[in-house]
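K.L.:
Sequence and computational prediction follow.
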Amino acid sequence: MKLRILILFFIPCVLYAQEDTSAKIQALKSKISVTENGEKLKWMDSLAYTVLFKTELGFDSIVNQTIAYAIELDSLNLAAEHVTNYINYKNNFLGKSSEGEALFKKYYPLFKGKIKGKYEANLFIDGGDSQDFSGNKDKAIEFYDKAIAIGEENNLERTVAIATFYKGYVLSDTGDFAGASENFQKASKIFTKLKDTMRMVGIKNSLSILYSQNAFYEEAKKERDEGIALAKLTNKNNILVSFYYNAATDAKKQGNLEDLIKYLHIGYETSMKSDRIPFYEPIFFSGLANAYIKTDSLEKANYYLNELEKKEDYISGSNEENYIEVQKNMAFAKKEYSEAIRLGLQHLTLEEESHSWEDIKNAEAFLAKTYETTRNTNEAYAHYKIASRITDSINGIRNVKALTYYQTLYETEKRDSRIQSQQSSITLLNAKNRLKNQWLIFGGLGLLSVFGVVLLFRSRNNAKERQKRQEQFSQELIKTQEEERTRVARELHDSVGQKLMLLTKKTKTFGDDSMGLLATDTLEELRSISRGLYPANLEQLGITKAIESMINEVDANTNIFFTNEIENIDNILSKESSLHLYRIIQEAINNMVKHAEAKAASVTIERKDARIEALITDNGKGFQFSEKIKTTNSLGMKTLLERAKILHSKLDIISEPNKGTKISLSIPTV
């Protein structure tokens, strides 16, 4: 579950921070009791806003009376405004979206065609929230689209932006990441135009959610950190709560339990300073309970489970999914597997009603794990299959589409920025040219030479800039390639690998040796492919042993005699730099095996002062490097050069026909 930053449409004129609220309420009630008609409605309206969203001050009763009296006096715009606030209260403060949905169905037929555009649009936005929180995603989009249409018809820019913003959230929940990004961008342009800082912070939150859904965790953290800094400046606790909860969710996805618990505690403490404690508290209680179950701290987990169960509202309605999830995880932790399966099936049903693909996938994966623990391989395989299908069809394909979309969007923004910059340069150049023409008339050819020098200088600068952009693009391409390799390797291991493991167990049960051998060989081949995509032993063994292991494997499977002298360079380079060094050596050895026809080769890695020196040599047939780098099929060689640039290192490739090849790499470590 991701916490959305919720933007309220009402604007309370005064917060009355310095007044005695009880005295003010009593004074307003006195005025209501001695007035009638419009005067009375004015005081009722003021009272409703004084107790706005404050359950303990009787908001429910007061807002109901205000709506009824406004309808009685045919003040439908005012009635619609308070109905909108009431739906908002049900959705976002009590977590009872079904009751918010019922309010819309009750009152909208009465208001239809009789209220101003802004009141109707706001009703559809809060009605859309009710549909969204109840799991009716298609209906929610329909409501937001209606609000957008009304807003555009009545020139309500802010309302259009908010409805577009919320539509983006729903599209993101359903896996339409490109559509979500498009809506966020549209909303962002309007909020920027209106200089609406708070809602720009909301865009930061939404983009961080979108990035994390596609496993772009660094990008998500960047957007979130910027948003948190802005939110702290505006002192908006509700916004900060959303950021901290979503940070916890990202930590959970990455398996960082320490950060998960840290951000949940920070979020909970912040939520206690907000005006929406009944909404936030059950969410954080269930989140902390689940987190402590994962760390085997069952005593702490039980504490938060007990806190949940103290209030009926905290375990029912929109909070039921989270409560059942805690119960099923607790049952599994206590090895009560039959109960865990029962609760797991109940939780899956609730998640299916919410139509959130990510939550459904997690619910299926839990059942697969539990059935496998009880050795019910048929049911385990069935649920693994569904979870994997969701991952493959939505997370895989749409991630690629989303990545392409984001890259296209980024390049488009850069292009637009360049066009604007060039246009300014052209305007400036035209002014300069007019001045130069005047000088040419009076000064002859002297300044023409200067102009030529300026043009030459600009031409060289432009060439350097183009080269720099090309290098940045190549390096970003390599980075994206590594991220995609890692993702595919992980998916092969977690989904296909799990299926093959189950298949091998199943064949052993049936006693089919030939089928079992085939399944085992296939599993080993899959693992080999996965290791090729991403060297897992780089993390498990460190860079030194990983390179040694790679060389030994090539030595064992080819006719080339390898020698190596590799000093320990663990913990000197960053994780990313270690991967690039590994890939450079891997590419060099692969090229050697494919093309060099070498009989012997050596790999040497030494630590010298503040550098790492790597040398790879072979006695193969060699090649003409200057010609090789120009050919269209030398992508591997160009990749070596780009990786060397990323490492800020010096790469020398010395080779001549029939004289072997020597590749040296010098990497700075400070």
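P.N.:
Arrived safely, thanks for sending. Residues are numbered from 1 along each chain as shown.

K.L.:
residues in contact with the spatially closest residue to Ser172 that is not a sequence neighbour?
P.N.:
The shortest distance from Ser172 to any non-neighbouring residue, by CB to CB, 6 or more residues apart in numbering, is to Ala180 (3.8 Å). All C-beta atoms are positioned from the backbone trio N, CA, C, and that covers glycine. If a contact means CB atoms under 8 Å, 6 or more residues apart in numbering, then Ala180 has 168-169, 171-172, 206, 210 as its contacts.

K.L.:
Closest to Gly227 out of those residues?
P.N.:
Minimum distance to Gly227 across the contacts of Ala180 is 9.5 Å, recorded for Ser206 (CB to CB).

K.L.:
and the closest one, what element?
P.N.:
Assessed by DSSP states H and E, Ser206 sits inside helix 197-213.

K.L.:
about what we covered before: SS state for the residue nearest to Ser172?
P.N.:
Counting by DSSP: H, G, I helix; E, B strand; the rest coil, the backbone at Ala180 sits in helix.

K.L.:
hmm, back to that, which of the contacts of Ala180 sits closest to Lys186?
P.N.:
Among the contacts of Ala180, and counting by CB to CB, the member closest to Lys186 is Gly168, at 8.3 Å.

K.L.:
So the closest one sits against Ala178, correct?
P.N.:
No. Counting by CB atoms under 8 Å, Gly168 stays clear of Ala178, with 10.8 Å between them.

K.L.:
Comparing those two, which residue is more hemmed in?
P.N.:
Gly168 (28 against 18; other CB atoms under 10 Å).

K.L.:
circling back: list the helices and strands the next helix or strand after the helix holding Ser206 packs on?
P.N.:
Downstream of helix 197-213, the first helix or strand assigned by DSSP H and E is helix 217-234. Where contact means 3 or more CB pairs under 8 Å, 6 or more residues apart in numbering; DSSP states H and E, helix 217-234 is packed against helix 197-213, helix 237-253.

K.L.:
Tell me what angle helix 217-234 forms with helix 197-213.
P.N.:
What separates the directions of helix 217-234 and helix 197-213 is an angle of 160 degrees, with axes from the mean of the first three to the mean of the last three CA atoms, to 10 degrees.

K.L.:
Identify the residues contacting helix 217-234?
P.N.:
197-198, 200-201, 204-205, 207-209, 211-212, 239-240, 243-244, 246-247, 250, 253-254.

K.L.:
now that helix against helix 237-253, angle please.
P.N.:
Going by the same axes, to 10 degrees, helix 217-234 makes 160 degrees with helix 237-253.

K.L.:
Pull out the buried residues from helix 217-234.
P.N.:
For helix 217-234, the neighbour count (16 or more other CB atoms under 10 Å) marks 217, 219-220, 223-224, 227-228, 230-231 as buried.

K.L.:
count of neighbours near Arg611?
P.N.:
So Arg611, with other CB under 10 Å, has 15 neighbours.

K.L.:
Let me know the pLDDT of it.
P.N.:
Listed pLDDT for Arg611 reads 90.

K.L.:
Ok, Asn37 next?
P.N.:
pLDDT at Asn37 comes out at 93.

K.L.:
re the thing from before, just the C-alpha atoms of the helix holding Ser206, please, in PDB.
P.N.:
Output of helix 197-213 as PDB, limited to C-alpha atoms (Å, rounded to 0.1, in the frame of the first residue of the first chain):
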ATOM      1  CA  THR A 197       4.300  24.700  -3.900                       C
ATOM      2  CA  MET A 198       2.300  22.300  -1.800                       C
ATOM      3  CA  ARG A 199       1.000  20.500  -4.800                       C
ATOM      4  CA  MET A 200       4.400  20.500  -6.500                       C
ATOM      5  CA  VAL A 201       5.500  18.500  -3.400                       C
ATOM      6  CA  GLY A 202       2.700  16.100  -4.200                       C
ATOM      7  CA  ILE A 203       4.100  15.600  -7.700                       C
ATOM      8  CA  LYS A 204       7.400  14.800  -6.100                       C
ATOM      9  CA  ASN A 205       5.700  12.100  -4.000                       C
ATOM     10  CA  SER A 206       3.800  10.700  -7.000                       C
ATOM     11  CA  LEU A 207       6.900  10.500  -9.100                       C
ATOM     12  CA  SER A 208       8.900   8.800  -6.300                       C
ATOM     13  CA  ILE A 209       6.100   6.200  -6.100                       C
ATOM     14  CA  LEU A 210       6.100   5.700  -9.900                       C
ATOM     15  CA  TYR A 211       9.900   5.300 -10.000                       C
ATOM     16  CA  SER A 212       9.800   2.700  -7.100                       C
ATOM     17  CA  GLN A 213       7.100   0.700  -8.800                       C
END
